[in-house]
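> One predicted model, sequence on top.
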Amino acid sequence: MTDFLLKQFVSGYPNIQNLQVRTRCGNLASIVGIVCNLFLCGFKFFAGIISGSVAISADAVNNLADASSSIITLLGFRMAAKPADAEHPYGHGRTEYLSGLAVSVMVLMIGLELIKSSIEKIRFPQPLLAGIVPVVILAVSIFVKLWLAAFNRKVGKMIESSALETTAADSRNDVISTSAVLAATVLQMLFHWKLDGWMGFVVAIFILYSGWGLVKDAVAPLLGQAPNPALVKHIMEVTRSYPGVLGIHDLLVHDYGPGRQFASLHVEMAADTDVIKSHDIIDQIERYFLNEDKIHVIIHYDPVVSDNGERQQIKEYFSKEIKNIDPRLTLHDLRMVLGETQTNLIFDVVTPHDFEMQDCRLKSEIQKIASQKNQKWHCVVTVEHSYV
């Protein structure tokens, strides 16, 4: 069904690498969400009125909020598709993340409102006037929401949209909450148990818990979360595959919205290789990522003296010894400056993001490693922190 809708209503599908096609997919998903939720809201309000159930009425309000969320998501996709301008040179892609955050906040507000109405129902319980109609409406609602969750999840993963994946999670929550309301309605009809308020309260707690998780997921890319490990691995493997590349370090990835990623890295190449040739290889790498992955990559060229046997032995010595401090430590850009009384060894050491040792102590430990090998060695270390 999902593929059928995309093929019928999305021009250019399945070329989702095209930003315009991706936006059309997001627009379609949002419109489907608006239509389905308005349909469910109307029928649930009718069921809530004829049954007198606060839980069913609250579920109807939830669907109305979901329709509003889909409108926000639709606006987010349209604003994110706006081209870059003087005030936003990297585009408006993060608007999509903001729409996901807005949807998450609305989920929290629904949960709080449902707690309020459920407590009132617990304090002043009223008999339900439920019949077969509300039960059928709730059952149909569960199936519609199951399909909507699967639809948004598939499209969200396909176009890598956090906003749609948040909407899918919200639809999944609605399936659980509506199932609880249906169970309470049937039990009260059969056994006259006044569970309406209590069930609404339980559903509200679940919505709040889920909403908080959605807020954290929506905030993460706005705060600058770590890049996807698969993307980091891909960038490293592709770059290393080009001839003349001896090493890679200082990789940074910046996310300005889906399809708007920028990366920078340092590439080590032999200093005795013709500079024009090395520059041409770097240009090839940058063009590959832009054409194949739509990632703007900027590469810094680091010339390495590869035929210096002593320098290579020293680098191998330190590369091995610093692993005793932490196996994840790496070094690069080692240079030697010879003097009459000491030899300065200048290099950078990269630490993982959760490395707890202070920089000054790490430098001291590295100097101890140097002194054990040669008393004339003096280390000038720059400590760098990995962001990938």
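Yep, it's here. Residues are numbered from 1 along each chain as shown.
> So residue 135 lies in a strand, does it not?
No - assessed with DSSP: H, G, I helix; E, B strand; the rest coil, residue 135 is helix; it does not lie in a strand.
> from what I can see it touches residue 182, true?
Yes - applying CB atoms under 8 Å, one finds residue 135 in contact with residue 182, separated by 6.8 Å. Where you see a C-beta, it was placed from the backbone N, CA and C, and this is true even at glycine.
> Counting neighbours, go ahead and name the busier of those two.
residue 182 (21 against 16; other CB atoms under 10 Å).
> right, and the more buried one touches residue 140 too?
No - applying CB under 8 Å, one finds residue 182 not in contact with residue 140, separated by 10.5 Å.
> Next SSE downstream of the helix or strand containing residue 202?
If you go by DSSP states H and E, residue 202 is part of helix 196-223. Next helix or strand after helix 196-223 toward the C-terminus (DSSP H and E): helix 229-240.
> and that next one, what does it pack onto?
Judged by 3 or more CB pairs under 8 Å, 6 or more residues apart in numbering; DSSP states H and E, the packing partners of helix 229-240 are strand 245-255, strand 261-270, helix 275-288, strand 295-304.
> Try it again at 7 Å.
strand 245-255, strand 261-270 (3 or more CB pairs under 7 Å, 6 or more residues apart in numbering; DSSP states H and E).
> list the buried ones in the first one?
Meaning strand 245-255. Using 16 or more other CB atoms under 10 Å as the test for burial, strand 245-255 gives 245, 248-251, 253, 255.
> the helices in the stretch 51-200 of the chain, which residues?
Counting by DSSP state H, counting those that start in this stretch, the segments of the stretch 51-200 of the chain that form helices are 54-80, 95-123, 132-159, 162-191, 196-223.
> Among those, single out whichever gets nearest to residue 293.
Comparison of these against residue 293 by CB to CB identifies helix 132-159 as nearest, at 15.0 Å.
> Report the mean per-residue pLDDT for that closest one.
Helix 132-159 shows a mean pLDDT of 88.
> Stretch 279-296 now?
92.
> try stretch 122-129
Stretch 122-129 carries an average pLDDT of 70.
> go on, stretch 42-59?
78.
> Residues in a beta bridge with residue 298, which ones?
residue 264 (DSSP bridges).
> isn't it right next to residue 264, touching?
Yes - applying CB atoms under 7 Å as the test, residue 298 and residue 264 come out as touching, 4.5 Å apart.
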